[in-house]
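Visitor: build the 3D model from these lines:
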Amino acid sequence: MDTDERREATPAADDLYVPRQLWVEEPATRRRMAEPVRRAAVRAVIIVSLTMIQAMTALLFTLSGAWLAFPLVLSTVAGTVVATWAVLDVWVTRQVWNQRNGVVSVPSSTARQLRRDRRRARRAARAAARGASRIRQRAGGRLSQA
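Guide: Predicted coordinates:
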């Protein structure tokens, strides 16, 4: 089948062109990071990327024998320490945020609901026992007076 025949052929129902959407919204599967954690993460990514660039530059300077290689290697070691500190800062900030603001996980919320139900049942049992003892006291007091 040549080009002219294909142009003249009528398309089948399956061959009809269906335009695809360029952007499809999907619901987020995870919640966003907290603002302080996100700030620490962005700071850590910038510091780590700059340290990696600095390490690559130090390697190239060392291979070329440039006089700046030694100071650059020393500063790269210091940058590695700072980058490690920045990554640890993200972890610590996340832990502090979770402790202060209490992230509710599914198991703990389920356990919490079970505890609430048990407390309600105990309170209802105590209230029923108090009500029954009051009735006995009132009935006993009337019978003794008669």
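Visitor: could you pull out the helices for the chain?
Guide: 3-8, 35-64, 69-101, 106-145 (DSSP state H).
Visitor: want to throw those helices into a markdown table with distance to Gln21, mean pLDDT and mean neighbour count?
Guide: From N, CA and C alone the C-beta is placed, and that goes for glycine too. Listed next are these as a markdown table, based on distance: least, Cβ to Cβ, whole Å; pLDDT from 0 to 100; neighbours: other Cβ atoms under 10 Å:
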| stretch | distance to Gln21 | mean pLDDT | mean neighbour count |
| --- | --- | --- | --- |
| helix 3-8 | 27 | 63 | 8 |
| helix 35-64 | 29 | 96 | 15 |
| helix 69-101 | 35 | 94 | 14 |
| helix 106-145 | 33 | 77 | 10 |
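Visitor: got a markdown table for those helices, with distance to Leu22 too?
Guide: Below are the helices of the chain laid out as a markdown table (distance: least, Cβ to Cβ, whole Å):
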| stretch | distance to Leu22 |
| --- | --- |
| helix 3-8 | 28 |
| helix 35-64 | 28 |
| helix 69-101 | 34 |
| helix 106-145 | 36 |
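Visitor: the ones you listed: which one's closest to Trp23?
Guide: Comparison of those against Trp23 by Cβ to Cβ identifies helix 35-64 as nearest, at 23.6 Å.
Visitor: cheers, nothing more for now.
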